[in-house]
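*Asks:* Next come a sequence and a model predicted from it.
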Amino acid sequence: MMVSMSNMARSASLAAMALAGLASLPASAQAPRPAQPAPAQPAAPAAPAAPPAVKVPLKAAPDQADWLKVCGLDPSVNKTICYTTRDFVAENNQPVMAVAVYSIKEEPRRFVRILVPLTFLIQPGIRFSAEGTQPVNARFQICLPQGCFVEGELNEATITGLKKATTLRIDMQNQIGQEVNFEVPLAGFAKAYDSAGIDQETLQRMQQQGAQPQQAPAGGNADDLKRRGEELLRQRQQAPKQ
């Protein structure tokens, strides 16, 4: 529909009157001015890149010929518990960690306890995996002056993977957040895990007849350290809930 010139002129006059009226109104009644763009904020500095992971290959402790499976009745739960364990050292034979895979007779539960060095971040916990298995998370349980115990639950698929694998990789973070990958050899694990194992009395005789026991990182017997850690864990688990 065509708009006549007179209508256009009337509209223009009304617009002019409106503009003139606005000039006499208080500032609070005038139309809001367009918002001014906020000043540009300086870009946040980019987070520093995480340092590359460090790989630490380990080897079996010289005084432990193979993985060892030990079974015995735990009076605290009145059940037979077996653990397949081995100690590991760095290339210079400095003790680093011990790994023990536990099974409880007539129960499906399987879990691992790892004795790790101090000075690693506790909050992230650790992650471990073997070739062809899903990574498993483990959490710190208790620390002694010579090291900390970490515990993680295992399922049958993980156990099967451990028996087939050649290396167990244990990932931790040091004080600066750098990932450290410990590479633990698994040769002989399957044979020991599937064996009948030995009892505690046989283990004690073997220790008495063997060479001088390996020294823990900060001094003291490594086997004694593990026993103390096991006892502290047992006491903590048996303590009544507050």
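*Replies:* Great, that's in hand.

*Asks:* contacting residues around the spatially closest residue to L154 that is not a sequence neighbour?
*Replies:* Leaving aside its chain neighbours, L154 sits nearest to R110 (4.1 Å; criterion: CB to CB, 6 or more residues apart in numbering). No exception for glycine: its C-beta is placed from N, CA and C like everyone else's. Taking CB atoms under 8 Å, 6 or more residues apart in numbering as the criterion, R110 is in contact with 101-103, 153-156, 158-159.

*Asks:* Separate out the buried members of those.
*Replies:* 101-103, 154, 158-159 (16 or more other CB atoms under 10 Å).

*Asks:* Could you export those as JSON lines, including distance to K69?
*Replies:* As requested, these are exported to JSON lines (distance: CB to CB, whole Å):
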{"residue": "V101", "distance to K69": "9"}
{"residue": "Y102", "distance to K69": "11"}
{"residue": "S103", "distance to K69": "9"}
{"residue": "L154", "distance to K69": "15"}
{"residue": "T158", "distance to K69": "17"}
{"residue": "I159", "distance to K69": "13"}
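
*Asks:* Keep only those of these that are in helices.
*Replies:* Judged by DSSP state H, helices contain the following of those: 158-159.

*Asks:* between the buried ones among the contacts of R110, which is nearest I81?
*Replies:* Sorting these by how near they are to I81, with CB to CB, puts Y102 at the top with 6.3 Å.

*Asks:* Am I right that G161 falls within a helix?
*Replies:* Yes: according to DSSP: H, G, I helix; E, B strand; the rest coil, G161 belongs to a helix.

*Asks:* quick one on the thing from earlier: in CSV: the buried ones among the contacts of R110, plus distance to T84 and pLDDT.
*Replies:* Formatted as CSV, the buried ones among the contacts of R110 follow (distance: CB to CB, whole Å; pLDDT from 0 to 100):
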residue, distance to T84, pLDDT
V101, 5, 96
Y102, 8, 94
S103, 8, 93
L154, 12, 94
T158, 14, 94
I159, 10, 94
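
*Asks:* Reformat the contacts of R110 as TSV; add distance to I81.
*Replies:* Written out in TSV, the entries for the contacts of R110 read as follows (distance: CB to CB, whole Å):
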residue	distance to I81
V101	11
Y102	6
S103	7
E153	15
L154	14
N155	18
E156	18
T158	18
I159	15
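
*Asks:* and which of those is nearest D171?
*Replies:* Top of the list for closeness to D171, among the contacts of R110 and by CB to CB, is T158 at 15.3 Å.
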